[in-house]
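Chemist: could you look at this predicted model? Sequence included:
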Amino acid sequence: MSAPSGTSSTSIDRGAAAPRVTWGRLGGMLRVLLAQSLLIAAMLAFWHWATAHGSVNAFLFGTPEAVGGYLVKMFADGSVWHDAWITGAETLAGFGLGNVLGTAIGLLLWYSRFLSRVVQPFILALGSIPVVALAPIVIIWFGTGFASKLAMATLSVIVVALVISYKGAMGVDPDQINLMRSLGANRHQIFRHLVVPASLTDIFAGLKLTVGFALVGAIVGEFMSSADGLGHAIFKAGSLYAIAKVFAELVVTMVLALLLSAVVVRVERALLPWRHDLQN
């Protein structure tokens with residue numbers, strides 16, 4: 001049967017191919033999920049076998065059953081939700097503040113090569129300082145409450161965000177800049193319409209990197225002084241030699257990190273629709 005008038009055979013072929021592409025992607029996702037599940041199952045099975053046969057000291061490394069038991073207790077008494085909420089709020093606040101400040105400074109340094117050369121050694125020096133070394137000073141400055149955890153998370157993020165955003169701004173194609181200048185664009189217009197959009201790929205790469213840094217900063221702050229949060233729970237369990245509970249808290253921490261990273265990826269897909277590699 002011939003194709004209806006006004007409809008080309010090419011469009012029909014494309015329409016028929018679309019479901020196959022969708023099912024192919026779904027199948028690929030399912031295969032990846034299956035492989036990940038099998039890997040986790042194999043690791044747990046090996047862990048159980050090693051502790052059950054005495055190859056690994058169960059007191060020092062815990063057991064999968066004990067970790068699962070602590071997870072059930074934490075969900076039953078609600079402590080996991082409370083601690084995850086506290087740490088998550090500290091992480092998000094420091095992640096947002098650190099990236100806003102770092103990205104803004106990094107992009108604005110594009111305006112002046114002289115200023116960027118002047119401050120570059122100081123930025124590198126600040127970035128070389130371990131965040132944990134700043135914890136005692138941060139506690140003295142900001143106290144033992146939310147502000148000190150916010151400061152730790154922010155300090156963990158800001159330098160990385162600054163360096164990555166500056167790299168993205170300086171990596172803009174000079175030919176495109178010269179083209180905009182030839183069309184009469186001033187420096188501010190070039191920055192707004194070319195430099196910032198062209199830097200978004202690098203900026204979001206930094207966001208996906210710094211979400212973990214912010215979480216580490218918040219937990220380090222909770223190690224030093226806190227009565228709540230995942231970091232406090234991990235420190236308390238470790239001080240009592242409850243290794244299985246430490247692993248249970250670490251599982252919750254990893255899940256929180258994955259959820260925060262997934263949010264960043266979703267935002268990136270929404271704001272960068274032209275990135276086809278992100279839509280798969």
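Modeler: Looks like it came in fine. Remember, predicted model here, so these are calculated numbers, not experimental data. Numbering: from 1, shown residues only.
Chemist: domain parsing for the protein?
Modeler: 1-56, 58-278 (automatic domain parsing).
Chemist: average model confidence for stretch 57-73?
Modeler: If you average the pLDDT over stretch 57-73, you get 88.
Chemist: same deal with stretch 99-112?
Modeler: 90.
Chemist: please state the offset of that stretch from the chain centre?
Modeler: Remark: stretch 99-112 is offset 20 Å from the chain centroid, using C-alpha atoms, centre = their mean, to the nearest Å.
Chemist: only C-alpha atoms, please: export it in PDB.
Modeler: The C-alpha coordinates for stretch 99-112 follow below in PDB (Å, rounded to 0.1, in the frame of the first residue of the first chain):
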ATOM      1  CA  ASN A  99      29.200  27.600  44.100                       C
ATOM      2  CA  VAL A 100      27.500  31.000  43.800                       C
ATOM      3  CA  LEU A 101      30.500  32.800  45.200                       C
ATOM      4  CA  GLY A 102      33.100  30.700  43.500                       C
ATOM      5  CA  THR A 103      31.400  30.700  40.100                       C
ATOM      6  CA  ALA A 104      30.800  34.400  40.200                       C
ATOM      7  CA  ILE A 105      34.400  35.200  41.100                       C
ATOM      8  CA  GLY A 106      35.700  32.800  38.500                       C
ATOM      9  CA  LEU A 107      33.600  34.200  35.700                       C
ATOM     10  CA  LEU A 108      34.300  37.800  36.700                       C
ATOM     11  CA  LEU A 109      38.100  37.200  36.500                       C
ATOM     12  CA  TRP A 110      37.600  36.900  32.800                       C
ATOM     13  CA  TYR A 111      37.300  40.700  32.700                       C
ATOM     14  CA  SER A 112      40.900  41.200  33.800                       C
END
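Chemist: quick one: residues in contact with stretch 58-65.
Modeler: Residues from elsewhere that reach stretch 58-65, judged by C-beta atoms under 8 Å, 6 or more residues apart in numbering: 44, 47, 48, 50, 51, 52, 66, 241, 243, 244, 246, 247. Placement of C-beta: from N, CA and C, glycine included.
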